[in-house]
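[1] Got a sequence here, can you build the structure:
(one chain, ligands or ions: 1)
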Amino acid sequence: MAAPAAADTGGPHAGEDDYDVVILGAGPAGAAAAITLRRHTRLRVALVERRLFDPFRPGETVSAALFPLVDYLGIARARFEERHLQSYAHAAAWGGDALVVRDFLFNGQGSGLHLDRLAFDSMLLDEAGQLGARIVQPAELLAITAGERWSVALRQGERKRTLSAAYVIDCSGRSSVMVRQQQCAVLQTDRMVGVYAYYDAVDGRARLQRTLVETTEHGWFYLAPLPGGRTAVAFMTDAETLRTLDLLDPEAWRRHALASTHIGALVRELAAPQAFRQYPVHSRVARLPANAAWTAAGDAAASFDPVSSLGIGHALSSGIHAARVAHAYLEQGGGLGEGYRQSLLDHFQSYVTTRRSLYANEQRWPGAGFWQRRAGTGAVCAQGQDGSRTRPNPGLGPAAGSSEGVVRTRSTSIK
Ligand SMILES: Cc1cc2nc3c(=O)[nH]c(=O)nc-3n(C[C@H](O)[C@H](O)[C@H](O)COP(=O)(O)OP(=O)(O)OC[C@H]3O[C@@H](n4cnc5c(N)ncnc54)[C@H](O)[C@@H]3O)c2cc1C
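    Sure, this is the predicted structure:
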């Protein structure tokens, strides 16, 4: 994908380098923060994105609960819905072989959507650009230095440039560059990863507009249709199991898929995947500062197991919230940071409780490490992205002795 027409790619006509707020990362969280700031304040905003978006994206499914957030961002509902595929139901073989189908018709909210992430991210970015946010893309982040103002050093092609900002919002997803650089305490509960195979057009059964989930001894499979006639099939497991079962080898991954009942029947009919990707999908939350010249939103602040389908909604709502925190800090010297950080911790705590009861519904493999760890009977297994060790939990999450643990990131490097 090319950079958006309005993007500042660092060429000879590169724009101003002095901003009130620099946002790192132009996913849904970063774009929502930029849109909110530009729609409701006069602050000068730059949105820095390190790369052009990958057309092969997980194929997120979102519920109708996302629509009020999209409304808040001022994006017309019809414009939003037209590029995505309606999602009518969720089918799961979880806790038994039989497929249980939950039709969204009966949830009182209506159907959800299988997102075209490229279209979704591009739409939000266009909106931010039209409202006057400077889109700096693609740009490699070299360093962030604190002083009276932040200096954000970038490389764009051959050229180096430095943006100056009074406030920084970290929306860099799971890279969480500021969270790491500022050595913010992070609670990470697991080491889950997802291995995705992206397929071209498939038969009618796989194209049913619903998600399909099926558990195995080592994790769970997920299948979702993608807009444009493609299908994503993923296996979620722990990083250790990925290595033990060699699941990054497409042939080993396929054999594991074929051994499952419902997913296996569909995968058997598919030709070779167009693309094969691995993603980190562990759960974590950062203890953000109560009152500082930076904050974080989206996955950089808290990330969730994909089974929860919380990520995109959280990215938009926390992006909006972080924009308000930044505005209050710049206009009044603070006031909203403590409430924001506490609401993130509370949200994460309630998510952990719900996730534990969901995983407890699967009792067929009591000896399997993957299920034991999620039932709270396994060893503490969290580890920081920088390799730092797990410590007993001093009150951020559930009690020590559960499968949760706290990690302090110590890295001072940007990457
Ligand atoms: C496999 C998988 C399945 C998922 N399924 C679902 C689902 O069904 N439903 C759901 O709601 N959510 C789902 N999620 C979660 C969802 O994708 C994320 O929660 C969401 O994308 C978070 O948005 P974000 O803007 O915080 O981060 P991201 O979308 O990760 O965006 C961060 C951006 O920051 C950029 N960036 C990173 N580092 C830098 C840097 N140093 N400088 C500049 N830019 C940088 C990245 O390139 C990226 O564009 C899933 C996630 C995965 C991985």
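[2] next one: the longest helix along the chain to chain centre, how far?
    In the chain, assigned by DSSP state H, the helix with the most residues is helix 337-360. Its chain's C-alpha centre and that of helix 337-360 lie 16 Å apart, by C-alpha atoms, centre = their mean, to the nearest Å.
[3] quick one: average confidence on the strand of greatest length in the chain?
    Identified as the longest strand of the chain according to DSSP state E is strand 159-170. Averaging pLDDT along strand 159-170 yields 96.
[4] List the buried residues in that strand.
    Applying a neighbour-count criterion of 16 or more other C-beta atoms under 10 Å, the buried positions in strand 159-170 are 161, 163-170. Backbone N, C-alpha and C define where each C-beta goes, glycine included.
[5] mind checking how far the closest residue to Trp365 other than its chain neighbours is from Trp371?
    Among residues not flanking Trp365 along the chain, Glu217 sits closest, at 4.5 Å (C-beta to C-beta, 6 or more residues apart in numbering). Distance from Glu217 to Trp371, counting by C-beta to C-beta, to the nearest Å: 8 Å.
[6] cool, Glu158 as well?
    51 Å.
[7] Let me see the contact set for the closest residue to the ligand within the stretch 1-150 of the chain.
    Nearest residue of the stretch 1-150 of the chain to the ligand: Gly27, at 2.2 Å (C-beta to the nearest ligand atom). Contact analysis of Gly27 by C-beta atoms under 8 Å, 6 or more residues apart in numbering lists 121, 171, 173, 298-299, 315.
[8] Of those residues, which are in range of the ligand?
    Counting by C-beta under 6 Å from any ligand atom, 171, 173, 298-299, 315 from the contacts of Gly27 sit close to the ligand.
[9] Mind jotting down where the helices sit in this protein?
    Going by DSSP H, the chain shows helices at 28-40, 67-72, 77-81, 117-130, 177-181, 239-244, 250-258, 262-267, 311-332, 337-360, 369-375.
[10] which bits of this protein sit near the ligand?
    24-30, 48-51, 58, 60-62, 141, 171-173, 175, 177, 194, 279, 281, 298-300, 303, 306, 309-313, 315.
[11] how many other residues sit next to Ala71?
    You called it Ala, but residue 71 is Asp. 12 (other C-beta atoms under 10 Å).
[12] hang on, isn't it packed against Arg79?
    No: if you go by C-beta atoms under 8 Å, Asp71 and Arg79 don't touch, sitting 11.6 Å apart.
[13] I figured Ala31 hits Leu124, correct?
    Yes: contact criterion C-beta under 8 Å: Ala31 and Leu124 qualify, at 3.5 Å.
[14] thinking again about what came up before, so what strands line up beside the longest strand of the chain?
    Sheet pairing for strand 159-170, assigned by DSSP bridges, gives strand 18-24 (parallel), strand 150-156 (antiparallel), strand 294-296 (parallel).
[15] and it with helix 28-40, angle?
    90 degrees (axes from the mean of the first three to the mean of the last three C-alpha atoms, to 10 degrees).
[16] Now strand 159-170 - C-alpha only, CSV.
    Provided in CSV are the C-alpha atoms of strand 159-170 (Å, rounded to 0.1, in the frame of the first residue of the first chain):
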residue,chain,number,x,y,z
ARG,A,159,16.8,12.1,5.5
LYS,A,160,16.9,12.5,9.3
ARG,A,161,14.6,14.9,11.0
THR,A,162,13.5,15.8,14.6
LEU,A,163,10.0,16.6,15.6
SER,A,164,9.5,18.7,18.8
ALA,A,165,6.5,18.1,20.9
ALA,A,166,5.1,19.1,24.3
TYR,A,167,3.3,15.8,24.7
VAL,A,168,3.7,12.3,23.3
ILE,A,169,1.0,9.6,23.0
ASP,A,170,2.3,6.0,22.6
